[in-house]
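S.K.: sequence below, structure please.
(2 chains)
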Amino acid sequence: MGEGDRAEPLERLLNLVGLLLETPKPMTFEEIRRVLEPYGQSNPESAKRMFERDKDVLREFGVPLELVDVDVWGTEQGYVIPKDRYYLQEIAFEPDELGALLVAAQSGGQDPAAEAGARKLLYGADGGILAGLAGGPLASGSDARSNLVHAAAEAAQELRRVRFSYRTSQGQEGERDVDAWAMVFRGGHWYLVGSDRDRDDVRAFRLSRIVGELADAGEGSVPPERFRAADHVQSGPWVAAGDDRATVLFSPARTWWALSQFPGATQVGTDDEGWTIVELPMADEDATAALLLEYGPDAVVRSPASLRDAVIARLEAIGA
Amino acid sequence: MPERKRQTPRTSERLGRMLAIVPYLVQHPGSELKDVAAAFGLPAAQLRRDLDLLFLSGLPPYGPGDLIDVDVDEDGRIWISMADHFAKPLQLTRTEALAVYLRGTELLATPGLPEAPALARALGKLRGSLGADALGDGDGRIEPSPEGGAPVHLTSLREAAAAHRRLSIEYFAASTGEWTKREIEPEEVFSGMGRWYVVAWDVDADAERLFRADRIRSLEPTGESFRPRGLQGAGRDLYSPTSEDVAVRLRLRPDARWIAEYYATTDVEEQADGGVEVTMPARQLGWVARLLLRVGPGAVVIDPPELRDEVLRLAAESLDRYRHKT
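M.R.: Numbers count the residues shown, from 1 in each chain, chains lettered A, B, ... in the order given. Modelled structure (predicted):
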C-alpha cells in the first residue's frame, strides 16, 4: 500500500485540477508523479491506474483535461487544463436574475444536473441574495422521466429525427417517426413537437405517453418559417380561453371558485336569487360545456343558446 | 480492486460541490456558513467537513504557504485565501446547462411565480452566453406555455413555509362545494400538473394533507411557529390514500381515458376498444360524481352503486335548474 491510498480522493482530485490549471506547460505523467505525492507511490503501475481513474472522474464532470504535445516537435505529450475552457465565462446577471436562478436551483425536481448547473452560476451572487431570499422554497414537478426529457430536448435542438413507441390519449400504441422541432412545457407536461413522418403533419407528443426510449433515426428537417410550437399543443382539460364569450349563472357557493378557474371571467351582476352572472371567454363550445358540467346544478348557461343546448343535451344523455 | 470502491459517487459529488462553492467563497469573503450551506443545498456540518479537506489542497510545492487556507471564525463566517485558481467555477457541462434551462422552463410555465420575469431574463442570458454548443442555436426550441390563472396567495405560502409559520386558511373543498376554515403548517410549495400545491400538516385533522394554492381564499398567520416534519412535495402523487377511501371502479371509453392520466388509479385493465378499466380511490364521492357528469356516457360506474345514483341525481337536479332559471 502506497501512501496515496490513504489520502482522501477529494483532496487528490482538487490538487490535480489546481496543478494542471496553473502549470505553465503541459505535464507528462512522470512530471505529475514527481510533484503530486499520491501518484508518487512506489508502484508505478497502480499509480498510473489511479491517475487514469481520476482523469475519468474529472472528464465526467466536464473538466477539460487535455493531452497535448509538449513541444512543437511533438516528441512528448503532456496533460493540461486550459483555463479558457475550464472557467465559466462572465455572465452579467442582475441580482434579481441570480435570485431567480437560486429559486430554480432549490426547486428540487428529479434532475440533480439542474441543481448542480444552477449552483455554479451563483458564484457572483450578492451575499444578500442568499440570506434574504424573497419567496422560500419551491419545487417543480413534471410527469416525464428526466433522461427522456433530456433526450427529446437534445433532439429538438439538433433537429434530429427520432423513433419511439407512443400511446395516444385514446390508448392506441404504435411506432412514430418524428422530425423533432421543439419542446413545450404546459400544464405539468413536456411535449415534443415535430413533423410526424407517416402522417405528414405537425403533432405534439406528450413525453409521459412515450413507451420506452427515443431512438435516433438520423437527420431531421427544418421547421417552416412561421412555426410556433405552442400552437400545436392542446390545452389541458381545465382550460377554456378564446375570443367568444358565454354568459353563465353560478350559485353563490361556487362563484369564487368559478371566477378563479376561468381566466378572463368577469362578474357582470347578480340575478334575483342571488346567483352571480359571469361572462367568460370561450373558444371551443364542447370544451366549455365539459368544464361547466363539473359545476353540476351550481351553473346554468344563459347564452349563447347553442352552448346552453349542448349542456342540456349532455345532461339528458346521462339520464337516458 | 480496493481503490475502485473508494471512488464512490460521494467523492465526485463532493468534488462538484467544492468546485462551485469555493469560487463563491473567494468572491465573498466573510460569508456566513449557514447561508452558504443553505444556498448550496447541504447541511452546515457537511460543508464544514468539506472545508476542512480544502486545507490539504493547494499548488506545488505544497508547502504550508501553498495550501488553501480556510478559516471559520466564531461568528460562523468563512474566510478563504490561496484559492485564486478556484476563483471562478467550472464551466457548466452541456447536460447541466440543458437541465437548468429545462427546469427553469418548467417553473416559467406554472403561472403566478413572482420571479418569472427575472428567471426568463436569466435563461436568455444563459443561452446567449453558453451559446450554440450547450443550448442549441434555434430560438423557441424549448418554450414554456403557461395556462390557467395565478393563485393569489402563492408568495405568502412560500414565505410561511420558509419561516415555519402556522397559517389559518379558508379553503374551498371541491368535494362538498363548501368553504372550510383550517389551521395548517405549510412545509413545501410545489408544482404538479401545472398547478401550485402546498404540502402541510393539517392541525385539525392531525394529518398530512395537500392543498391546492388556488383554492385558498384567505390566509393569515396565527402567530405560532412549528417544527417541520420533513413533508415532501415535488414528485409525489397528488393524491394521498387514507383508510376512509372508497374504491371507485370505472370503465372509461377512449374519450374519457384522460381521467386515468390525471388521477391516481390502480388495477388498470386495458379494454379492446382502446378504453380502460380502473380503480380510483376517493375520500369523497361528491367530486367524482361531478367529474362523471362531465364525461357523461364516456364513463360507466361499476362500483359503488351509490355513485351511479348520485350522478343520476345530479343530472336530474341540473336539468331542473335549466327548466327554472334563464
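
S.K.: can you check the pLDDT for the closest residue to residue A:76 other than its chain neighbours?
M.R.: Closest residue to residue A:76 apart from its sequence neighbours, by CB to CB, 6 or more residues apart in numbering or on different chains: residue A:70 at 4.4 Å. For the C-beta atoms, the positions are set from N, CA and C on the backbone; glycine is no exception. Predicted confidence (pLDDT) for residue A:70: 83.

S.K.: measure residue A:70 to chain B for me?
M.R.: For residue A:70, the distance to chain B (CB to the nearest CB, to the nearest Å) stands at 18 Å.

S.K.: who's in contact with the nearest residue to residue B:81 once chain neighbours are set aside?
M.R.: Nearest residue to residue B:81, sequence neighbours excluded (CB to CB, 6+ apart): residue B:69, at 4.8 Å. Counting by CB atoms under 8 Å, 6 or more residues apart in numbering or on different chains, residue B:69 touches B:55, B:80-82.

S.K.: how many residues are close by residue 63?
M.R.: The chain I'm using is chain A. Using other CB atoms under 10 Å in any protein chain shown, residue A:63 has 24 other residues around it.

S.K.: can you look at chain B instead?
M.R.: Residue B:63 is flanked by 9 other residues according to other CB under 10 Å.

S.K.: repeat for the one 5 residues further on
M.R.: The local packing of residue B:68 (other CB under 10 Å) involves 25 other residues.

S.K.: isn't residue A:190 right next to residue A:152, touching?
M.R.: Yes - the pair residue A:190 and residue A:152 passes the contact test of CB atoms under 8 Å, sitting 7.1 Å apart.

S.K.: need the overlap of contacts for those two.
M.R.: Contact criterion CB under 8 Å, 6+ apart; residues shared by residue A:190 and residue A:152: A:183, A:207.

S.K.: wait, residue A:177 sits on residue A:196?
M.R.: Yes - Residue A:177 lies in contact with residue A:196 (CB under 8 Å); the separation is 7.4 Å.

S.K.: returning to what we had before: next up, the contacts around the residue nearest to residue A:76.
M.R.: Contact partners of residue A:70, counting by CB under 8 Å, 6+ apart, are A:25-26, A:28, A:76-78.

S.K.: buried ones among those residues?
M.R.: Among those, those classed as buried by 16 or more other CB atoms under 10 Å in any protein chain shown are A:26, A:78.

S.K.: which among the contacts of residue A:70 gets closest to residue B:117?
M.R.: Taking CB to CB as the measure, residue B:117 lies nearest residue A:26 of the contacts of residue A:70, at 46.2 Å.

S.K.: once you drop chain neighbours, what's closest to that closest one?
M.R.: residue A:78 (3.1 Å).

S.K.: stretch B:104-113 near chain A anywhere?
M.R.: Yes - shown here: stretch B:104-113 in contact with chain A (CB under 8 Å from any CB of the partner chain) through B:104-110, B:113.

S.K.: could you chop chain A up by domain?
M.R.: A:3-86, A:95-131, A:146-232, A:244-319 (automatic domain parsing).

S.K.: low-confidence ranges in the stretch 1-150 of chain A?
M.R.: Within the stretch 1-150 of chain A, the segments meeting pLDDT under 70 span A:1-7, A:108-110, A:126-143.

S.K.: which stretches in it count as helices?
M.R.: Using DSSP state H, counting those that start in this stretch, the helices of the stretch 1-150 of chain A run over residues A:9-22, A:29-35, A:44-60, A:83-86, A:95-106, A:112-120, A:127-131, A:146-157.

S.K.: and these as TSV, adding mean neighbour count and distance to residue B:76?
M.R.: Below are the helices of the stretch 1-150 of chain A laid out as TSV (neighbours: other CB atoms under 10 Å in any protein chain shown; distance: least, CB to CB, whole Å):
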stretch	mean neighbour count	distance to residue B:76
helix A:9-22	22	23
helix A:29-35	16	35
helix A:44-60	15	32
helix A:83-86	13	31
helix A:95-106	24	20
helix A:112-120	24	20
helix A:127-131	17	12
helix A:146-157	21	35
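
S.K.: distance to residue B:181 for the ones you listed - can I get that in TSV?
M.R.: Shown next, in TSV, are these (distance: least, CB to CB, whole Å):
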stretch	distance to residue B:181
helix A:9-22	53
helix A:29-35	69
helix A:44-60	54
helix A:83-86	57
helix A:95-106	31
helix A:112-120	37
helix A:127-131	35
helix A:146-157	39
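
S.K.: looking at those, spot the one closest to residue B:270.
M.R.: Among the helices of the stretch 1-150 of chain A, if distance is taken as CB to CB, the winner is helix A:146-157, at 22.1 Å.

S.K.: would you mind pulling the contact partners of the closest one?
M.R.: Looking at what lies outside helix A:146-157 - CB under 8 Å, 6+ apart - the contacts are A:109-111, A:142, A:160, A:162, A:180-183, A:190, A:192-194, A:207, A:210, A:213-214, A:216, A:220, B:95, B:98-99, B:101-102, B:135-136, B:138, B:141-142.

S.K.: which of those residues fall in helices?
M.R.: Using DSSP state H, the members of the contacts of helix A:146-157 that fall in helices are B:95, B:98-99, B:101-102, B:135.

S.K.: the longest strand out of those in chain A pairs with which strands, parallel or anti?
M.R.: With secondary structure taken from DSSP state E, chain A has its longest strand at strand A:173-186. As defined by DSSP bridges, the strand partners of strand A:173-186 come to strand A:160-167 (antiparallel), strand A:189-196 (antiparallel), strand B:142-144 (parallel).
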